[in-house]
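# Sequence and predicted structure are below.
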Amino acid sequence: MTKKRALLITPESPEIHAYRKRQFNNFVQITMPYLAGFVDEAKYDLTLVDEYNQRIPYEKRFDLVALTVNTPNAGHCYGTSRRFRQRGAKVVMGGPHVTLLPDEAKHHCDHLVTGEAEETWPQFLEDFHKGNAERLYVCKHPPSLDGLPITRRDLIRRRKFTKGAVFASRGCPYNCRFCSLKQIYCPSFRMRPIREVIADIKTIDQRYFVFWDDNFFGNVDYAKQLMRQLRPLKKRWAAQVTIDRCMDEDLLALASDSGCIYFFVGLESFSGESLASVKKESNNVVTYATAIDAIHRHGISVWAGIVFGFDTDYRDVFRKTLTACEQFGIDGVTPSILTPLPGTPIFDEWKEAGRLIHSNWTYYNGKTRVCFFPSNMTAEELFDGYTWFRNRFYSIRSMAKRLLVSRTNVIHNFIINLGYKLSL
């Protein structure tokens with residue numbers, strides 16, 4: 001049987017591309033390079049394209065085109081699919097948006113793979129090669145994370161310093177009301193065998209890499225065992241963690257000793273009332289200062305996720321947040337506008353209440369648009385305040401204030417902050 005020509009695309013809409021491209025330190029999205037590891041190249045000629053820095057080769061002919069779809073990219077993905085289908089290719093879609101809204105997505109492709117794909121994706125590839133692929137493949141139980149293939153980093157182009165991404169676990173034990181993880185993944189929190197994670201990391205030819213886990217400290221005992229085995233590799237790494245786990249001094253010491261230089265921490269807000277409104281139960285504002293100081297004492301920088309637009313936010317939230325970030329020495333911030341993604345409790349509630357401004361998914365990116373009516377300010381005030389915060393946070397004055405408090409990885413942090421400032 002002849003080989004099939006397959007194209008795997010990491011899509012990026014023009015609007016998000018314009019936003020992200022200016023930020024030079026974006027690590028590669030791992031989904032499609034990971035799924036490429038399941039492809040039998042005896043059966044498929046494989047091409048991988050990332051729209052972050054590559055052009056989609058519409059002029060070439062493919063038998064199969066695969067797209068991973070998130071909500072703000074949905075319209076862009078549907079257009080991409082239409083162009084390939086007009087040329088005779090079959091299109092398969094998966095990813096968060098397809099999992100959340102399969103009845104919408106099915107009108108824009110030939111095949112759907114919903115939920116986690118470790119079992120359904122290989123089955124689809126086998127069926128497609130034989131010519132009898134089904135319309136829909138559904139993840140019906142939590143797939144094992146044992147024996148997974150190594151991410152195909154060799155297929156990643158023009159990302160020499162930012163293609164080192166790996167995952168060790170799947171899911172998050174918490175249930176925040178604005179997060180869609182519980183609707184996308186199977187409910188159990190699972191871990192890969194540590195020996196396989198270490199083997200995967202050893203294939204990364206850069207010194208720096210990131211863990212792509214939603215909560216690297218989701219299982220503390222597992223994280224500690226992994227970090228002990230990570231130490232001999234002498235690499236430098238970053239991971240996303242929850243602030244409550246950062247009160248554990250032993251955990252922080254192991255992280256530092258094994259090469260951790262950055263934690264991305266979803267602080268979300270400095271208001272306890274705001275955190276309670278979305279059931280962000282892992283966060284306690286009272287402990288922020290102690291936890292952040294502990295992280296810094298272990299030589300690890302704090303990159304905070306901040307969200308604006310909670311129902312308890314007023315117009316002074318932007319200035320209050322800036323003051324808190326400078327007071328605590330937050331090394332960097334990824335600010336976002338609260339976005340009610342489909343499938344989440346706040347989406348259903350706000351849709352019922354008539355609070356959603358747009359049904360166009362492009363507005364649901366959390367960076368360049370406001371898609372709902374805030375409670376205590378206008379949508380325009382929310383967006384203007386968010387923009388003001390970004391500009392002030394990455395001003396030279398704020399950089400100096402924060403770095404003087406943090407005193408952690410100062411030169412590295414200054415360069416990263418400067419890069420973000422130049423991208424504004």
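Yes, it's here.
# What's the first helix or strand after the helix or strand bottoming out on mean pLDDT in the chain?
Ranked by mean pLDDT, DSSP states H and E, the weakest helix or strand in the chain is helix 14-21, scoring a mean of 75. Next along the chain after helix 14-21, taking DSSP states H and E as the criterion, comes helix 31-36.
# Could I get the buried residue list for that next one?
Neighbour counts over helix 31-36 (16 or more other CB atoms under 10 Å) mark 31-36 as buried. Bear in mind the C-beta positions are built from the backbone N, C-alpha and C, glycine included.
# Which neighbouring elements make contact with that helix?
Under the contact criterion of 3 or more CB pairs under 8 Å, 6 or more residues apart in numbering; DSSP states H and E, helix 31-36 touches strand 4-10, strand 44-50, strand 64-68.
# Just put these in TSV and tack on mean neighbour count.
As requested, those are exported to TSV (neighbours: other CB atoms under 10 Å):
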stretch	mean neighbour count
strand 4-10	21
strand 44-50	18
strand 64-68	25
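# okay, the ones you listed in JSON lines with distance to Phe263 and mean pLDDT next?
Putting those into JSON lines (distance: least, CB to CB, whole Å; pLDDT from 0 to 100) gives the following:
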{"stretch": "strand 4-10", "distance to Phe263": "25", "mean pLDDT": "97"}
{"stretch": "strand 44-50", "distance to Phe263": "26", "mean pLDDT": "96"}
{"stretch": "strand 64-68", "distance to Phe263": "26", "mean pLDDT": "98"}
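# of all these, which lies closest to Ile204?
With CB to CB, the closest approach to Ile204 among these belongs to strand 44-50: 16.9 Å.
# Run me through the strand neighbours of the closest one, direction for each.
strand 4-10 (parallel) (DSSP bridges).
# right, and the helix or strand after the helix or strand hosting Lys401?
Element membership for Lys401 (DSSP H and E) is helix 396-406. Next along the chain after helix 396-406, taking DSSP H and E as the criterion, comes helix 410-423.
# tell me what that following helix is packed against?
Applying 3+ CB pairs under 8 Å, 6+ apart, we find helix 410-423 packed against strand 332-337, helix 396-406.
# in it, what's buried?
413, 416-417, 420-421.
# where does this protein have low pLDDT?
Within the chain, the stretches with pLDDT under 70 are 21-27, 158-162.
# domains for it, by residue range?
Using automatic domain parsing, the domain ranges for the chain come out as 4-138, 164-423.
# quick one: contacts of stretch 141-154?
30, 33-34, 36-38, 48, 116, 118-119, 163-166, 169-170, 186-188, 190-193, 196, 199-200, 203-204 (CB atoms under 8 Å, 6 or more residues apart in numbering).
# again, 6 Å this time
Contacting residues not belonging to stretch 141-154 are listed as 33-34, 36-38, 116, 118-119, 163, 186, 188, 190, 192-193, 200, 203 [CB atoms under 6 Å, 6 or more residues apart in numbering].
# First-to-last residue distance for that stretch?
31 Å (CA to CA, to the nearest Å).
# now stretch 76-91: how far from the chain's centre is it?
Taking CA atoms, centre = their mean, to the nearest Å, one finds stretch 76-91 lying 25 Å from the centre of the chain it belongs to.
# Can you tell me how far the nearest residue to Val49 once chain neighbours are set aside is from Leu341?
Nearest residue to Val49 in three dimensions, chain neighbours excluded: Ile9, at 5.2 Å (CB to CB, 6 or more residues apart in numbering). According to CB to CB, to the nearest Å, Ile9 and Leu341 sit 21 Å apart.
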